[in-house]
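Engineer: all I have is the shape, not the residue letters:
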């Protein structure tokens, strides 16, 4: 969805002049992109109308027409995908979070991710399984709890979720946060909705979060509204944002119900959970970047001092192989290169060579071996690596000379990209729009 | 499924054809025909915009021909109906083409406009739905049994689409057809995926071949196949981990399973609630491990039904079953005519 919006915006940026025709072409492309992105058809129509009116009405002021157009599109898209940033404030003990959602939307995995998220932030967390229906739902949550080393409650033999709540109610008080996994259900099925209503009134959760998958289609609005009507959803988590669907349907459906999106799931591992911010999200997806999240990610995965160093280097465009190595070290915690690149302002917009984005974990491992075989001097100043050194490194790391050369050229690409961002006009543009930096 | 689309399509058909009829009836004054006019048409009468559109159409169709421009104008509304009912953008375009070829600039017989348009729409949709032939599967299993080799089914799809549940339902169906099966717990990644399969296995009385979590899924499938061979079991059902089609490494892993195991049938399990992305998912899986059949799940939750049409179109592969609930028997043979009937298009 956003690829084509990005492309359409790029056309406007690079167009010789911007007139009504250019704008109409942009709007029609955005409209199609929204539909392909599963945004509710009526919502998409309304949004386009609104953008068109605003472009006509609003004075450009200091901005050029083209900047004005981008700003309006950006603002309206952010509005469509959730106006405010949702946040959970843990104010009570025990703080109970109930997860509800359709079949197979990723509730159980998400329960584990939330547990990890708060565990990392120093809370005492436990997991409670109320999915008494799906085979092995109990085992799944239990295994996740064991992996995370957090407490787990559940009863494999009990069919009635209410009884399970009663059984463990006293235990909850020992924990800061209780994360509750419920069975998947269809919000339009009154029997299943009655059950979850009863669970809710017995549990009395502080937060009732709707888990919804990013690739959900035109049913999104109906389901989100039905869940909201029945349970008064306090927040939303959109899962599987790492696929090719970017949650247009899910996000816009939730925006309509007024529920705020709090987290997005971005991978199959338990650390793949991000706080959601519509503005940052949109700016990252349409190629305007999101340094803030990147910096936060770096902070989470490496020590603070190093994070500062790296951030400075990223901003100045000075990066050595050592930095690349350290990044690789923590890469598993941070996610894929392409994810990171999309967070750097402007990089997403630059239309990077696909190969650069596709460096996969396998390749990463290889690079690590190669760098392990380099001397400190070589790492700090890769320019000294000549043919003899390449030969030695290849033998030492058990790779081929080609691999070593490939790493060096990747490094050079990366370095020149960094220079381009730090010196480029995009940064100025970003400031004008007061985009997250 | 199709609860909304059925009504919308009816509207659309009458939009294209109904008005013409009316203008002709004035000439022919046939009472019979007035009764045939769909109810929706009267509800629309107030709308000024539509009246002018109708006038336009009737004028043109008086000569029994619809120009391309007029068709496009009308189709833009049908298009929205399709999109709202979760048919992928790409697929709607395909239907448009097919509809256009059948309607634009063609001579239509007097008084048969509705029938004509209905037929054109039916053809357009019918063209994208392919029914899976269960006998093909049954015959293959029988044939392999005579040769003494098990038939291997590989189940693939993204996370949470319902692979494991579908696999259990499929085993139940095989059992009803007097075929034995063994499960290969090749999802060695997701927590409790093995236990989930084992529980289904106990309920259905089927053996599970499993390794540890984190083991090579390919090796599990291989062992299951060996087990089936030595124990003369008819079918090996391989459950794989759900994976995002854009995850290169996981798709490579799937490719490896496919290469080593050489399944007789690859079954793509798709979630009928998925939006436009289902197109990309089906395409990408098909590229990596050529799909033989699709099974669409959760159709009991889906009120719109568009994904079924999209998947059929994109993969050009038959749809075997629809998942319709949480029990083992909640699986229904995909029936093209039933779908057309649901859409109000069956003749």
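Structural biologist: Perfect, thanks for sending it. Treat the numbers as computed from the prediction; the structure is a model and nothing was measured.

Engineer: quick one: the helices in the stretch 151-300 of chain A?
Structural biologist: Remark: helices assigned in the stretch 151-300 of chain A by DSSP state H, counting those that start in this stretch are A:161-172, A:190-203, A:220-231, A:248-257, A:278-285, A:291-301.

Engineer: quick check: which of those helices is buried the most?
Structural biologist: Most buried of the helices of the stretch 151-300 of chain A by mean neighbour count (mean count of other CB atoms under 10 Å in any protein chain shown) is helix A:248-257; its value is a mean of 27. Backbone N, C-alpha and C define where each C-beta goes, glycine included.

Engineer: next one: that one to chain centre, how far?
Structural biologist: In terms of CA atoms, centre = their mean, to the nearest Å, the centre of helix A:248-257 is found 16 Å from the chain centre.

Engineer: which bits of the stretch 151-300 of chain A sit near chain B?
Structural biologist: Taking CB under 8 Å from any CB of the partner chain as the contact definition, the stretch 151-300 of chain A meets chain B at A:186, A:188-189, A:213-220, A:222-223, A:240, A:242-245, A:248-249, A:268.

Engineer: ok so, going back, save the helices of the stretch 151-300 of chain A as TSV, and put in distance to residue A:365 and mean pLDDT too.
Structural biologist: Shown next, in TSV, are these (distance: least, CB to CB, whole Å; pLDDT from 0 to 100):
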stretch	distance to residue A:365	mean pLDDT
helix A:161-172	43	95
helix A:190-203	44	95
helix A:220-231	38	92
helix A:248-257	34	84
helix A:278-285	27	73
helix A:291-301	17	56
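
Engineer: got those helices as a markdown table, with distance to residue B:333 columns?
Structural biologist: Output for the helices of the stretch 151-300 of chain A, formatted as a markdown table (distance: least, CB to CB, whole Å):
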| stretch | distance to residue B:333 |
| --- | --- |
| helix A:161-172 | 34 |
| helix A:190-203 | 26 |
| helix A:220-231 | 27 |
| helix A:248-257 | 29 |
| helix A:278-285 | 41 |
| helix A:291-301 | 48 |
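
Engineer: so for residue B:297, which of the ones you listed sits nearest?
Structural biologist: Among the helices of the stretch 151-300 of chain A, the nearest to residue B:297 by CB to CB is helix A:220-231 (15.5 Å).

Engineer: what's the closest one packed up against?
Structural biologist: In this structure, helix A:220-231 makes packing contacts with strand A:95-101, helix A:190-203, strand A:207-213, helix A:248-257, judged by 3 or more CB pairs under 8 Å, 6 or more residues apart in numbering or on different chains; DSSP states H and E.

Engineer: at 10 Å instead, please
Structural biologist: Packed against helix A:220-231 by the contact rule (3 or more CB pairs under 10 Å, 6 or more residues apart in numbering or on different chains; DSSP states H and E) you find helix A:41-57, strand A:95-101, helix A:190-203, strand A:207-213, strand A:235-239, helix A:248-257.

Engineer: where does residue B:340 land on pLDDT?
Structural biologist: On the pLDDT scale, residue B:340 is placed at 82.

Engineer: and it, that one's in a helix?
Structural biologist: Yes: judged by DSSP: H, G, I helix; E, B strand; the rest coil, residue B:340 forms part of a helix.

Engineer: looking only at pLDDT, what's the mean for the helix or strand hosting residue A:408?
Structural biologist: Using DSSP states H and E, residue A:408 sits within helix A:401-423. What helix A:401-423 shows for mean pLDDT is 75.

Engineer: go on, stretch B:94-104?
Structural biologist: 85.

Engineer: ok, that stretch near chain A or not?
Structural biologist: No: using CB under 10 Å from any CB of the partner chain, stretch B:94-104 never reaches chain A; the gap is at least 13.7 Å.

Engineer: stretch B:122-137 now?
Structural biologist: No: contact of stretch B:122-137 with chain A (CB under 10 Å from any CB) is absent, the minimum separation being 16.7 Å.

Engineer: and that stretch, how far out from the chain middle?
Structural biologist: Counting by CA atoms, centre = their mean, stretch B:122-137 comes out at 9 Å from the chain centroid.

Engineer: gap between the two ends of it?
Structural biologist: End-to-end span of stretch B:122-137 (CA to CA, to the nearest Å): 28 Å.

Engineer: buried sites along it?
Structural biologist: By neighbour count on 16 or more other CB atoms under 10 Å in any protein chain shown, the buried set for stretch B:122-137 is B:122, B:124-126, B:128-132, B:134, B:137.

Engineer: looking at that stretch now, give me its mean pLDDT.
Structural biologist: Stretch B:122-137 comes out at a mean pLDDT of 87.
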